[in-house]
Every structure is written in C-alpha cells, then in structure tokens.
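Chemist: give me the fold of what follows.
(one chain, ligands or ions: 1)
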Amino acid sequence: MHPLQTLSCLWGGSVINLGTKKHRDKYFNGIDNVDYLGCFAMTELHHGSNVQGLQTVATFDPLTDEFIIDTPNDGAIKWWIGNAAVHGKFATVFAKLMLPTHDTKGGVTDMGVHAFIVPIRDMKTHKTLPGVEIHDCGHKVGLNGVDNGALRFRSVRIPRNNLLNRFGDVSRDGKYTSSLPSINKRFAATLGELVGGRVGLAYSSVGVLKIAVVIATRYSLLRQQFGPPKQPEVSILDYQSQQHKLMPMLASTYAFHFATLHLVEKYSEMKSSHDEELIGDVHALSAGLKAYITSYTQKSLSTCREACGGHGYAAVNRFGSLRNDHDIFQTFEGDNTVLLQQVAGLLLKQYREKFQGGPLTVTWNYLRQSMNSYLAQPNPVTSRWESEDHLRDPNFQLDAFRYRTSRLLQSVAIRLQKHSKTLGGFGAWNRCLNHLLTLAESHIESFILAKFIEAVKNCPDENSRAALKLVCDLYALDRIWNDIGTYRNVDYVAPNKAKAIHKLAEYLCFQVKNIARELVDAFDLPDYVTRAPIGAQTPSEAYSQYTQSVGF
Ligand SMILES: Cc1cc2nc3c(=O)[nH]c(=O)nc-3n(C[C@H](O)[C@H](O)[C@H](O)COP(=O)(O)OP(=O)(O)OC[C@H]3O[C@@H](n4cnc5c(N)ncnc54)[C@H](O)[C@@H]3O)c2cc1C
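Modeler: Now for the predicted structure:
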C-alpha cells in the first residue's frame, strides 16, 4: 500500500470508524473522491506512544454549542502529521474532551481523549484557517514524497457535531453520554478501531520484503565470483554463506505471505461481523504481525544490500530507498516494542483466564492444549529423536514452537507475580520486559508457522505442495536452530538432536536454493515493480540494463 493511501485510510478511517451516520453522510463522498483530503492528528511533540498523555484540549462551550480546540503548550503541538503541511483540508484531532462542571468556579472535567474533525484550510482558497498554524516537519530519512506537518491550534472553534461520537457524545446542554462505562474502555474502543492501518502495514511490509528478496536472489544466481581451479566461476548463491543469508529469508517471505493473507481475511470478516472475539483476535494479530514482520523486513533489507556487494549499494538497485522508506514502518502506527507488549499483555490475560476456566479465543487455543503437557518435563525419549522424517514432521515443528511460547508464558507469569510484590505492577513489568518481548515474538512465530503448515496442506498442486513443504520446513528448522539455546536449556532438545536440526537446516537451505528462481518468480513481480536492473527477470538483461542506467 502506498503511504498516501495509508494516510487517507487513517483520516478517512477515523471519520468512518469513530464517527456516526451524520459524519458518514457528510464526509464519505468527499473523502472517497479525494475532495476532502485530510490528516490524522494524534501524535504531539511530547507524546507519541503514550496516547493517553496527549495534551491538546477540546473544551465544550454550551453558549455557542461549539468545541474550542487549543494547544496549551509547545509540547502539545501536533507533530509528524501526514498530509498536514501541504494538502490537508481537515484533520482528525485527538484531544482531551473538557466539559464545564457548571459550578461557580467555572471548572471543567476531563473526559479523556476523543477525536474531532477540525477544518484546517479553506476549501476554496486552500489558505490556512484562522487560529491554525502549520509548519512542515522538515526533510526525513525517507518517505519524502509525503509531507508531514506540525500543527498548533489557538482557540479554534468547531461545531459540537464535529466530535466523532461513536463511543462518547455530548448533548446540547453539555451532558456526556457513552455506552462504555469508563475512560479506559472508551480509549481502548477508540484505538481498537484503528487496527486497519496495522493490517495494511504488515501486508505492505511483506510486499517490500518480496521485492528485496527477488532482487537479491536473482542477482545472486547471476553473479559469479571464484570457482574451483581451471573451472568456470560459480554463482555466488552456490556459496553456503550466501544461501544462509538469503534462503531462510525467502522461506520467511513465504511464511509471512500466508500469515498476512489470513490477517487480511480475518480483518474483513471482523469488519462485517463485528464479532467481539474476532475483534480481540485481529487486534492482537495485527499488532504482533506488524511489529514482527516490519522488524524482520528492515533487517533483511540491509542483509540483501550486503548480499549484492557493491552493486547493491547503487541507488538504482533500490535497497537504499527501500531501506529508508520502510524504516519508519517499525515506528508509525505503533512503535514495535510497544505493540509487542500489547501482545504479551493479551497472552497473560488469556493465561489468567485459562486458570480461571474461562474460554480461550481461537488464535490462542493452542495454549490450552499445550500448557498442560508443557508444565510437565520434556519427554527424554523424543528429545533425542533425530530422523529427518521426525524433524520434518509439522507436528514436531509446531510442538516445538508452542512449547517455547508456553514455557515463556508460564515463567513470565510467575516472575511478574513475584516482582510485583516488591516493585509494583509497573516496576515488575519493566523488570521482565525483555522476557515479555521474547514471549510475544514466540507467539507470533507459532502463529505464522501454523498458517504456513495449513497453506502447505491445502495446496492443490502436488509439485507446488512439495516445494512449499520444503520452504516451510526450512522456515521452521531455521527458527528452532536460531533459538537452540532455549531448547537445550530445558532439555527439550538433546545434543544429538540439536546437531541434526542444524545439519538438516543447512541441507534445506541448499535444496531451496535449487528452486530459488522458481520460488521468486512465483511472487509474480514484473520488472516494472521491482525496478532494479540487477534483479531483472531475464538474467541476460541484468548487466546491460545496469550499464545503460549509468549512460553506456
Ligand atoms: C514519517 C512519520 C509519519 C507519521 N505520521 C503520523 C500521522 O500521520 N499521524 C500521527 O498522529 N502520527 C504520525 N507519526 C507519529 C508516529 O505514530 C509516532 O512517532 C509513533 O507512534 C512513535 O511514537 P514516538 O515518536 O513518541 O516514539 P516514543 O514513544 O518516544 O519511542 C521512542 C523509543 O522509546 C521506546 N519506548 C517508548 N515507550 C516504551 C515502553 N512503554 N516500553 C519500552 N520502550 C518504550 C520505543 O520503543 C522507542 O524505541 C508519524 C511519524 C513519522 C516519523
């Protein structure tokens, strides 16, 4: 998805999802035909991740039936607001809703953060409206095709109807009503409506990863350096080290492809059914997959650049711009470290509910089955099994992933309980933070593997199924090997089995290399999408396109 589309989704999505019929009637067509270009103004100079710390205020004036939007100090200047500096006509401004208390002292009550539609430029002249001050946030590391602006409001008056009132409303006489009982519940519902952006980012990040993997793999097949004495040079993908850099990445790209397809499906199901359980699932999955995949892609972009040597550094071959433009995917729509903590928090909630006998939602269901067996010691017999059939058995692979998640979950729950006695909840959480992040990543990896295994099983064509199975096995065993210390520490894997896993993972890298061209071609990305001469689909054209790009 193009960043501009993400931006219009954020602005449009906020009006549609946080507003009610009157807002949809008034704004939908204008948003849809881009007459009403707008922006999503949540972040402030002093607060990004901590949305509840926002300081912009919207005070209700019962005399005029308006809200007055104010930036009380420099820390509350809206910052990084996409589309604000150049094109935006409207902004969805997140501000604390203040209601007069009707006492003699003229006090106000803070009802928590709400969203308001604030016009920022004149519809005809495009001039900035009175009371609104806008500046460009300046040149960025990447994504400079989209402007990001800073906004200050000085007593900007907007009609009461501009409150996006799906989760909380103010009546003509200044009374607050909401179907949700507390500020925290309203806040969660408001942010919960914004998961669409994360779904889009997770999906687009896989798109970026595909482009990078396609370029690096095709070039690695073409490029030749060294070889046995008096024999032709070999392709750099014949080197074990190059296979190790790129083939698990190719396998991960396939794994993420299936996981994000599932996420998009669940998201559209959620949008039509409004099913509570599904909403919880999609919230956790979108946070986890966005964080996990965008971090992985960002690291991979550097690996691909390096894997293509000097020519990988030529701007025309795109790794630099992909790396710069994608980098911020890790931060916007929720910082990855913050999002993973939400996943860990939800896992702990499920863990507590399990022990209180409550139901588990579908995505987490494996915890019910696995927790019981994993609280016992690993089986000393299976921990030694090392045959290829066993290691390539999806049951073993999934069991290993889920075992790790369950152990991490159980141990962090115990640690949190212990530390909270002396450090309090916040301190205990911070003491266990790295453990919690590992837990969240482990859960997401388990989910991704489960979806990959399902995709292999459902693949109708026998040859493609065999190829996918190979790729899936590489994904699983490479991940287990990466975390072999954890498995060894608890004797889930005995030394002989650890060795066998490593050997097989290396062999699978080699096998996947043998079908690497077909695997990248299957992404069906034409040259006008990859746009990197060294990654040209027709190998014979790669060098000539590249030399032409510098003027030969
Ligand atoms: C190009 C760009 C476009 C953007 N577009 C928009 C937009 O259109 N609208 C909008 O409202 N915002 C936008 N943003 C803002 C963006 O959403 C925020 O930057 C993002 O949410 C992160 O917040 P922050 O910058 O305050 O980071 P911080 O929260 O200050 O994070 C800084 C560091 O602290 C760490 N950290 C913070 N809290 C915790 C914690 N609890 N535990 C552990 N570590 C923590 C983070 O992991 C990070 O490493 C944009 C930003 C950029 C750069």
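Chemist: these two touch, right, Pro378 and Arg488?
Modeler: No: the pair Pro378 / Arg488 is not scored as a contact, 10.8 Å apart, by Cβ atoms under 8 Å. (C-beta placed from N, C-alpha, C; glycine too.)
Chemist: contact partners for the residue in the chain that the ligand sits nearest to?
Modeler: Distance from the ligand to each residue of the chain (Cβ to the nearest ligand atom) is smallest for Gly48, at 2.0 Å. Residues near Gly48 by Cβ atoms under 8 Å, 6 or more residues apart in numbering: 79-80, 335.
Chemist: that one: what secondary structure?
Modeler: Secondary structure assignment for Gly48 (DSSP: H, G, I helix; E, B strand; the rest coil): coil.
Chemist: what mean pLDDT does whichever helix in the chain runs longest have?
Modeler: Longest helix in the chain, counting residues (DSSP state H): helix 394-431. Averaging pLDDT along helix 394-431 yields 95.
Chemist: before we move on, what about stretch 346-355?
Modeler: Averaged over stretch 346-355, pLDDT sits at 84.
Chemist: Three-state assignment for the residue sitting furthest away from the middle of the chain, please.
Modeler: Within the chain, Lys230 marks the point farthest from the mean C-alpha position, 49.9 Å out by Cα atoms, centre = their mean. The three-state label given to Lys230 by three-state DSSP is coil.
Chemist: flag every residue of this protein that's near the ligand.
Modeler: Residues of the chain found near the ligand (Cβ under 6 Å from any ligand atom) are 39-43, 48-49, 80-82, 140, 143, 148, 328, 331-332, 334-335, 337-338.
Chemist: just the buried ones among the residues you listed, please.
Modeler: By the neighbour-count criterion of 16 or more other Cβ atoms under 10 Å, the residues of the chain next to the ligand include these buried positions: 39-43, 48, 80-82, 143, 148, 328, 332, 334.
Chemist: checking my notes, Gln545 in a helix, right?
Modeler: Yes: assigned with three-state DSSP, Gln545 falls within a helix.
Chemist: tell me the contacts of the residue nearest to it when sequence neighbours are not counted?
Modeler: Distance criterion Cβ to Cβ, 6 or more residues apart in numbering; nearest residue to Gln545, sequence neighbours excluded, is Pro533 at 3.7 Å. By Cβ under 8 Å, 6+ apart, Pro533 lies in contact with 316-317, 542, 545-546, 548-549.
Chemist: please tell me how far the residue nearest to the spatial centre of the chain sits from Tyr203.
Modeler: Centroid check for the chain by Cα atoms, centre = their mean gives Lys290 as the closest residue, at 1.2 Å. Using Cβ to Cβ, to the nearest Å, we find Lys290 at a distance of 9 Å from Tyr203.
Chemist: can you give me the strands in the stretch 451-552 of the chain?
Modeler: Assigned by DSSP state E, counting those that start in this stretch, the strands in the stretch 451-552 of the chain number zero.
Chemist: ok, the stretch 151-300 of the chain next?
Modeler: Counting by DSSP E, counting those that start in this stretch, the strands of the stretch 151-300 of the chain are 156-159, 169-170, 176-177.
Chemist: related to what we said a few turns ago, of the residues of the chain next to the ligand, which belong to helices?
Modeler: The helices, defined by DSSP H, take in 337-338 from those.
Chemist: before we move on, back to that, mind putting the contacts of Gly48 in CSV, distance to Thr64 and pLDDT included?
Modeler: Listed next are these as CSV, based on distance: Cβ to Cβ, whole Å; pLDDT from 0 to 100:
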residue, distance to Thr64, pLDDT
Trp79, 29, 98
Trp80, 32, 98
Asp335, 39, 98
